[in-house]
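Enquirer: pasting a predicted model and its sequence here:
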Amino acid sequence: MSAMMAEDSPQTLVWGRSTYPHPGLHLGSGNRCGHDPQRLATDRLALPGVNGGHRLQVITKLLKRVEAYFADPKSVKLLAYLGGKTNRDGTPRQNRSEGREAETLILSAIYAATDFKSLRVGTYTARGEFRNVQFDEIARRCGLTREQKNPKDPSKIELVASSRFWRGVARLKRAGAIEVYEQYEETTDGKRGRPAIKTVSEKFLRTLGGLTKNAMKNIRNKASQKVAKFLNGAVQSGVQSQAEAEQLEAELRSASVKKSLFPAPAMKNQFPKEVVRDNGSDSLKADYQVFVDQVYADMATALGRKPRGMEGTKLFAQHGGLKFEDWARRRLNL
């Protein structure tokens, strides 16, 4: 298919009836995505920053190997000859540069977000919950997106994964580089999709990075120790774990069901079992002083000024004030 110049503007390129959004330098080769066959578009990558400014050594190594694959397809034969076709001279036909670029960008975004403890794509929260990175987010990190109207608010435009991205993901799955496990949850409105669990292949990682079995084992052990240290630090800081939160919710649901099935009789003149009675004289006196101060503050608000002389003593009872003995008796439920 050949490109045509728009009649109204010599600078506007079109592909068929659609505007071609890229420079036309490589348009003649049937290049719909505007990529340069001789240069990897690393400027598309927008990988998130890391603590300390340094990535794990293994991730840095893998990112370099992935970039090398774009210029040297034979370095990753599982991807380069995935089509299974041959040239006229009988040699295997390698995939197109457009496909290699998409695969390279996607793998870069995935490996930069890989947890080497579990080989899942995502990160742990302080509560111990693992958050899977959504495909749309991966697509945004590697610059393979398209615009789409937000279904909840059509006036807003959001970036979602493009068809080129999904084709690249499909090839990576066929090559065994990644696996995807779709997730959903049952709701009152039916099934609702959740972020899919994405895992990277350990064997593919070892092939790409030239890593021995022992080297990969050491890498994963160090990653496990790092995650354990992070989660333990969160626990020591008083952050409630996801498991603890789920346990509390389960106990509350169980208690609620039990209460509805076996209602207890009304409790009159009883003290809550879970509340510890505070009978200390020092504590009672301190609490009584807080009560007195509050009563005097209410008097000042009503008068518009602080009470003077015996005025406070006369108005004390009128504003809810009690003698210490009466207040203590009420406080202790006696």
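Expert: Sure, I can see it.

Enquirer: please make it C-alpha for all contacts and neighbour counts, starting now.
Expert: Will do.

Enquirer: how about low-confidence regions in the stretch 1-150 of the chain?
Expert: For the stretch 1-150 of the chain, applying pLDDT under 70 flags the ranges 1-35, 52-53.

Enquirer: show me where it has helices.
Expert: Remark: helices assigned in the stretch 1-150 of the chain by DSSP state H, counting those that start in this stretch are 57-71, 77-80, 97-112, 135-141.

Enquirer: report the buried residues of the first one.
Expert: By neighbour count on 16 or more other CA atoms under 10 Å, the buried set for helix 57-71 is 58-59, 62-63, 65-71.

Enquirer: out of the helices of the stretch 1-150 of the chain, the one nearest Asp89 is which?
Expert: Ranking the helices of the stretch 1-150 of the chain by proximity to Asp89 (CA to CA) places helix 77-80 first, at 17.4 Å.

Enquirer: and that closest one, which residues are buried?
Expert: Applying 16+ other CA under 10 Å to helix 77-80 flags 78-80 as buried.

Enquirer: now distance to Glu249 too, for the helices of the stretch 1-150 of the chain, in CSV please.
Expert: What follows is these, written out as CSV (distance: least, CA to CA, whole Å):
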stretch, distance to Glu249
helix 57-71, 38
helix 77-80, 47
helix 97-112, 34
helix 135-141, 30
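
Enquirer: of those helices, which is nearest Gly168?
Expert: That would be, of the helices of the stretch 1-150 of the chain and by CA to CA, helix 97-112, which comes in at 5.3 Å.

Enquirer: and for the closest one, what are the contacting residues?
Expert: Contacts with helix 97-112, where a contact means CA atoms under 8 Å, 6 or more residues apart in numbering, come from 33, 35, 37, 40-42, 45, 47, 59, 62-63, 66-67, 69-70, 73, 80, 121, 138-139, 141-142, 144, 164-165, 168-169, 171-172.

Enquirer: quick check on the residues you listed: which are buried?
Expert: Buried by 16+ other CA under 10 Å: 35, 37, 40-41, 45, 59, 62-63, 66-67, 69-70, 73, 80, 121, 138-139, 141-142, 144, 164-165, 168-169, 171-172, out of these.

Enquirer: helix or strand right after the helix or strand encompassing Gly233?
Expert: Element membership of Gly233 [criterion: DSSP states H and E] is helix 213-236. Scanning forward in sequence from helix 213-236 by DSSP H and E, the next helix or strand is helix 242-261.

Enquirer: got the buried residues for that following helix?
Expert: Neighbour counts over helix 242-261 (16+ other CA under 10 Å) mark no residue as buried.

Enquirer: point out the other helices and strands that it packs with.
Expert: Here helix 242-261 touches no other helix or strand, going by 3 or more CA pairs under 8 Å, 6 or more residues apart in numbering; DSSP states H and E.

Enquirer: right, and the helix or strand after that helix?
Expert: Where DSSP H and E defines the elements, the next helix or strand beyond helix 242-261 is helix 281-303.
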